[in-house]
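> here are the coordinates; sequence isn't available:
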Ligand SMILES: [Zn+2]
Ligand SMILES: [Zn+2]
């Protein structure tokens with residue numbers, strides 16, 4: 001059994017809901033799912049700090065998902081005790097270091113550092129591979145987040161316990177609305193935690209890089225009924241329950257998974 005807590009449920013620019021980072025607690029160990037720029041504050045709201053994190057999973061390299069890694073990395077680097085583990089897709093780890101973290105973390109006072117300097121083990125997850133944490137299995141699921149010119153830039157969601165005795169839970173992380181790609185995972189899951197943009201509830205203005213609420217409303221009723229929405233915007237929010245969803249996740253809300 002594991003407990004999944006949403007430290008935050010907002011989009012990248014939120015001033016109200018904290019960025020969409022989550023915490024898994026299982027067998028006394030804590031796995032942070034993404035570590036955005038405001039993560040130290042959302043963790044503090046749960047009475048936690050850098051020293052309480054045993055491992056981190058990174059879905060993709062936007063700052064609302066990795067902007068707190070310099071804080072976490074240096075906090076633990078200069079503290080006694082073991083460093084956390086890092087779980088990341090093997091295709092993301094170089095991008096994370098060379099395009100994002102290296103500028104601030106490549107050295108300190110004459111000592112050269114790499115991504116591996118800040119973690120006990122960097123688990124580079126290969127294509128179709130999974131990892132274990134606590135008593136659960138975590139299967140990364142590639143989703144389409146946006147196009148970089150002519151190339152897809154994915155995020156890696158998580159199917160939790162794809163092989164276990166319980167039915168699995170699907171955490172999309174950031175994704176466009178891709179029902180043809182994701183329907184199998186929606187159907188087989190007991191609970192779905194879905195990226196949901198609410199910036200303009202009429203749906204006329206969409207970022208194009210997140211599933212918009214008006215798009216998600218077109219999912220079949222049996223999928224909506226088990227789907228919890230997060231990564232929403234500050235501003236007016238829809239009545240998700242009235243539209244057949246399980247609901248909007250509140251900041252700090254937990255689920256037994
Ligand atoms: Zn995001
Ligand atoms: Zn993103």
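Yep, that arrived. From a predicted model like this one, the values you see are computed outputs, not experimental measurements. Ligands and ions are numbered 1, 2, ... in the order given.
> where does the protein dip in pLDDT?
Low-confidence regions of the chain, defined here as pLDDT under 70, cover residues 163-166.
> got the residues of it near ligand 2?
For the chain, the residues in contact with ligand 2 (C-beta under 5 Å from the ion) are 62, 174. Quick note: C-beta positions are derived from backbone N, CA and C, even for glycine.
> how about the helices in the chain?
Remark: helices assigned in the chain by DSSP state H are 39-45, 63-66, 69-77, 90-95, 102-105, 179-188, 213-216, 221-224.
> can you tell me which of those helices is packed in deepest?
The highest mean neighbour count among these belongs to helix 63-66 (a mean of 22), with neighbours defined as mean count of other C-beta atoms under 10 Å.
> contacts for that helix?
For helix 63-66, the external contacting residues (C-beta atoms under 8 Å, 6 or more residues apart in numbering) are 11-12, 19-21, 34-38, 58-60, 96, 100-101, 173-174.
> check stretch 216-235 too.
In this structure, residues lying in contact with stretch 216-235 by C-beta under 8 Å, 6+ apart are 6, 9-11, 13-17, 20, 174, 177, 179, 183, 186-187, 189-199, 210, 213, 240, 243-249, 255.
> got the end-to-end distance for that stretch?
Across stretch 216-235, the straight-line distance between its terminal residues is 18 Å, by C-alpha to C-alpha, to the nearest Å.
> okay, buried residues for that stretch please.
Of the residues in stretch 216-235, those scored as buried under the neighbour-count criterion (16 or more other C-beta atoms under 10 Å) are 216, 219, 223, 224, 226, 227, 228, 229, 230, 231, 232, 233.
> out of these, who's nearest ligand 2?
Taking C-beta to the ion as the measure, ligand 2 sits nearest to residue 231 out of the buried residues of stretch 216-235, at 8.5 Å.
> which residue is the nearest non-sequential neighbour of the residue in the stretch 151-257 of the chain that ligand 1 sits nearest to?
Across the stretch 151-257 of the chain, the shortest distance to ligand 1 (C-beta to the ion) belongs to residue 174, at 4.4 Å. Counting by C-beta to C-beta, 6 or more residues apart in numbering, residue 174 lies nearest to residue 155, which is 4.5 Å off, once chain neighbours are set aside.
> do residue 241 as well
Taking C-beta to C-beta, 6+ apart, and ignoring the residues beside it in sequence, residue 241 has residue 247 as its nearest neighbour in space, at 5.3 Å.
> so that neighbour sits against residue 240, correct?
Yes - applying C-beta atoms under 8 Å, one finds residue 247 in contact with residue 240, separated by 5.3 Å.
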